[in-house]
Each structure stands twice: as structure tokens, then as C-alpha cells.
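*Asks:* predicted model, plus sequence, below.
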Amino acid sequence: MRGRPRRWRGPGPVTAGPGFAVVLAGLTVAVAGVLLPVAPAPPAGNAGTVPGTGRAAVPAASPPASTAPATPTAPPLALTVPGRFTAPVEAVAADADGALRLPESPHRLGWWALGGTPGSGRGTVLVAGHVDLRHKGPGVFAALREVPLGARVELVTADGERHRYLITARRVHRKEALPRDLFDAEGAARLALVTCTGRWRPEAGGYEENLVLYGVPVASRAEPDRLRSGSAR
Amino acid sequence: MRIRHHVSIAVAALTAVGASVAPAVAVEQIGEQDSTFLKAAHQGNLAEIAAGQDALRNARTACVRNVGSILIRDHTRLDAQGKAQADKFGVSLPTAPDPEQQRQLADVRAKAGTDAYDRAWLRVQAASHEKTLALIDQEIRAGQNPEVKAVARAARPVVAMHLEMVRGGTCREHATTTSVPAGDGGQAARAQAPAPRGTAQAVALGGGFLLTAAGAVWIVHARRASADR
């Protein structure tokens, strides 16, 4: 009673139509891969002109007698890159080896307390942040590598003032070869944002390089109003 | 005519009075604690600068001379910050360290030319920096004015750094600030792996090729099947 097994002749009549659809799909995907723009890779490497300190050589241990020290302005409390991030800023100093001690949290930035203060017209305002930390994850300054030249940065200081800067240069330095003039309180007014980048070598203590974004102060729209009201500064 | 003249004089007088009163109204609040802090901080800065200058003259070891020059450099800067605040809020500052600080420096100075100088200098510095930290913490805790508190907070890491150099009466030289270690997690390095564009393109091209080939096989098979029938 077992009937002869029917020979399987395949899934039935196959038309070529679906095949053309598949070929069309394949060609579309291939062309899309070539033509469609993927998110652009973040800017990398050196770019722009570093705003100088205006000092001919590495400054001496004590400032020359003829140069009056800058009148210090209030310390920074927060840093904002509009459209990207805002983070609180606290004063930091170095350890015995001359390494800046940044806040323990990767979400807080460190301002070198012996450097320039925003709005004083002198010195490098140095603000640094961890790119990431073991067991704590990425830091707010991980986003620094996405910040292009021409971006604006704003520092709010303890007296409520907002100080604006324009990013004009990017440099990547080996960590042992960070320019000494970053640590300058008396030269031309500029901003330096510093984090780590490059190859990560945990056996050697971390990243191999520092990323530095340099900025110059730009006049805020509020300034002309302040001048008009005649408030003394 | 005369009334209008009187009125315009009155208006002018009121404006003049108003203008002279306005700046006083604009001055921010500064409390007793803030004022005390600014004065004591100034005296502390003067004392440290004097101690640093004395070390440059009389210290026997290079380490103590090094710490001395760091104290002069940093306390000059901290003092400028404090003075700017005092000027802004109209706080008049004392012109010299307090009597206790002056006595301590005199005691250390008396040991100049002997082996005991460096040890005495370091011990006085350790104690005075502990005291300065306590002063700063008091301002951070109880200060009223946010700007004066910010100046206290900004001074803290510098004073803490100095204390490390002299704690327990032992001299520890500090290198100049030259490096910024800013990360050790490795997450950024992993995120910076090969360009996403290259990978996506490879996948799209490969996938597209496979689909095209599959479709071509399908067409050939379908044509053959219909030809067989």
C-alpha cells in the first residue's frame, strides 16, 4: 500500500522574475556602499596655527622685573562646548613628578591653578580632562577629538562672567614631550584643552599621547554693553 | 518759567545723588568669614614669601632652596588673586604677617649658618601649611561670597602640593609641572579602531556581490527549468 514515492521535481515552476529582483537588490547594495556617505571620521592629527605665548624662549623661574604680572580674574567653574558638552571645572596642581593631578571623576575637568585665568588678558588657561578611566568609563573630554577648528568654547568664572574662545589649532604630542609653554601664566592669553589620545599601553601606564586644542579669546556680544554702562573693570 | 527751572535743578540734583548711590548698591555681599579669610590668607602669603626668601639666603641643602623658590613663586601668585578680591570688595589688608608668624621666622633665622637651619625651616613650613589648609577649608565651608570661596578652592591644591614638599619636616623636591596624564581606561583606544567607512563599504560591496550572484543563478535556473518543460 505504500505508493511509489513521487520524484521530487523541485519547488514548482520557478520564474525568473524574483531572480531579477535579487540582482537589482544586490547591485543597489553594492552601489550604495560605494556612494552613500558614512559618518565622517573625526578630525585627527595636527591642524591650524598654535597661538603663541609671545615669549621668545622657555620662561625663567621668576618673571622678568619689567613685566607686571597679569591682574588675576576669577577662577573658572564650568566649561561648555555648545552643542556638545558642559562640565564642571575645579582647580588642580601637580604631584612631585610634575604631573597634573586631575579630578578622580572623568566627568570633572581640572584647571591648572598656577596658569592663566580667563579674561585676565595674560597666560595660558589650561583645562584638562581624562579621556577615560579604568572602572569609570569614558570621560567628558573623550568628545574633544570630535571638536573641529572653528568651534566655540565658553568658560564661566566664579564672578558670573562668560569668557568665549575660538579653537584655532590642534596638536598631538607624545606625553613625555608636551610643550613646556603650556604651563605659562604670563604670556599671551590663550586657552589649551588637554586630554589623552593615541595608542593605549596599559603596561606603560596609559595612553602614549596628549591631544591639545588651542583657542584664542574672542569678544563676547555682551562686552559692548558693559563698556557702554561704564562699569569699572 | 521759574517753576520749570526749579524742577530741572531738582531733577539734576536727584540724578547726581542717584548716580553716587548706585555703585554702592551694586557691590556684592561679603561676610565676616570672607573678610577674615582674605586678611589671614594675605598674611600667610607674606609669611611664606619671607620664609622662601630666607631659605634662598640661608638653607644648606638644594632641596630646601628649591622649595623656597617655589613658595616665593606660588605665594606671589596666590597673593595677587587674594588682593584682587580684597580690592573688589573693599577689604583693607594687613601689611605684614601676624606676630606669631614673624616670631617663628625669627627663630628659624637665628639658626642660619648651622646644620639646624634646614630642619627648623621645614618644621615651621609643615605646621604653617597645615594651618593654611585649615583656613582654606573653613572659608570653603562657611564663606558667604562665591568669588572668595572660589579663590580659596583655587588655592587649596597649591597649598596641598607645598605641604607634600615639607610634610613631617622632610624635604621632598618637586619637579616643574610638565605633564598631563589624562586617561588610563583604554575605552577611547578601542573606539578609535579602523575607519568605519572602510568596513561598511567592504560589507556592502561583498553583500551586494553575493546578492547579485545569487540572483543571476536564480535567473539561469529559472530559464533552464522553463526550457526543460
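*Replies:* Happy to help now that I have it.
*Asks:* could you list the buried residues of the helix or strand where residue B:33 lies?
*Replies:* Here residue B:33 is covered by helix B:32-58, with elements defined by DSSP states H and E. Across helix B:32-58, burial judged by 16 or more other CB atoms under 10 Å in any protein chain shown covers B:33-52, B:54-55, B:58. C-beta here means a position set from N, CA and C on the backbone, and glycine is covered the same way.
*Asks:* what sits up against the longest helix seen in chain A?
*Replies:* If you go by DSSP state H, chain A has its longest helix at helix A:17-35. The contact list for helix A:17-35 (CB atoms under 8 Å, 6 or more residues apart in numbering or on different chains) reads B:200-205, B:207-219, B:221-222.
*Asks:* would you point out which residue is most central in chain B?
*Replies:* residue B:154 (3.8 Å; CA atoms, centre = their mean).
*Asks:* can you give me the strands for chain A?
*Replies:* A:47-48, A:76-81, A:85-92, A:109-112, A:124-128, A:132-133, A:137-138, A:152-157, A:162-174, A:190-201, A:206-218 (DSSP state E).
*Asks:* just put those in a markdown table and tack on mean pLDDT, distance to residue B:169 and mean neighbour count.
*Replies:* Formatted as a markdown table, the strands of chain A follow (pLDDT from 0 to 100; distance: least, CB to CB, whole Å; neighbours: other CB atoms under 10 Å in any protein chain shown):
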| stretch | mean pLDDT | distance to residue B:169 | mean neighbour count |
| --- | --- | --- | --- |
| strand A:47-48 | 92 | 49 | 15 |
| strand A:76-81 | 98 | 36 | 20 |
| strand A:85-92 | 98 | 26 | 19 |
| strand A:109-112 | 98 | 29 | 25 |
| strand A:124-128 | 97 | 32 | 26 |
| strand A:132-133 | 92 | 35 | 24 |
| strand A:137-138 | 92 | 41 | 16 |
| strand A:152-157 | 98 | 38 | 20 |
| strand A:162-174 | 96 | 38 | 19 |
| strand A:190-201 | 94 | 35 | 23 |
| strand A:206-218 | 95 | 34 | 22 |
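*Asks:* save those strands as CSV, and put in distance to chain B too.
*Replies:* Formatted as CSV, these follow (distance: least, CB to the nearest CB, whole Å):
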stretch, distance to chain B
strand A:47-48, 17
strand A:76-81, 7
strand A:85-92, 4
strand A:109-112, 7
strand A:124-128, 5
strand A:132-133, 3
strand A:137-138, 5
strand A:152-157, 8
strand A:162-174, 10
strand A:190-201, 4
strand A:206-218, 4
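*Asks:* reformat the ones you listed as JSON lines; add distance to residue B:141.
*Replies:* Converted to JSON lines, the strands of chain A look like this (distance: least, CB to CB, whole Å):
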{"stretch": "strand A:47-48", "distance to residue B:141": "44"}
{"stretch": "strand A:76-81", "distance to residue B:141": "18"}
{"stretch": "strand A:85-92", "distance to residue B:141": "16"}
{"stretch": "strand A:109-112", "distance to residue B:141": "21"}
{"stretch": "strand A:124-128", "distance to residue B:141": "26"}
{"stretch": "strand A:132-133", "distance to residue B:141": "28"}
{"stretch": "strand A:137-138", "distance to residue B:141": "31"}
{"stretch": "strand A:152-157", "distance to residue B:141": "22"}
{"stretch": "strand A:162-174", "distance to residue B:141": "28"}
{"stretch": "strand A:190-201", "distance to residue B:141": "31"}
{"stretch": "strand A:206-218", "distance to residue B:141": "34"}
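*Asks:* how about the nearest residue to residue B:208, chain neighbours excluded?
*Replies:* Of all residues beyond its chain neighbours, the one nearest residue B:208 is residue A:30 (2.7 Å), with distances taken as CB to CB, 6 or more residues apart in numbering or on different chains.
*Asks:* and the gap between the one you found and residue A:23?
*Replies:* Separation of residue A:30 from residue A:23 (CB to CB, to the nearest Å): 11 Å.
*Asks:* count the neighbours of residue A:100 for me.
*Replies:* Residue A:100 has 26 neighbours, counted by other CB atoms under 10 Å in any protein chain shown.
*Asks:* ok, it touching residue A:111?
*Replies:* No - with contact defined as CB atoms under 8 Å, residue A:100 and residue A:111 do not form a contacting pair (9.9 Å).
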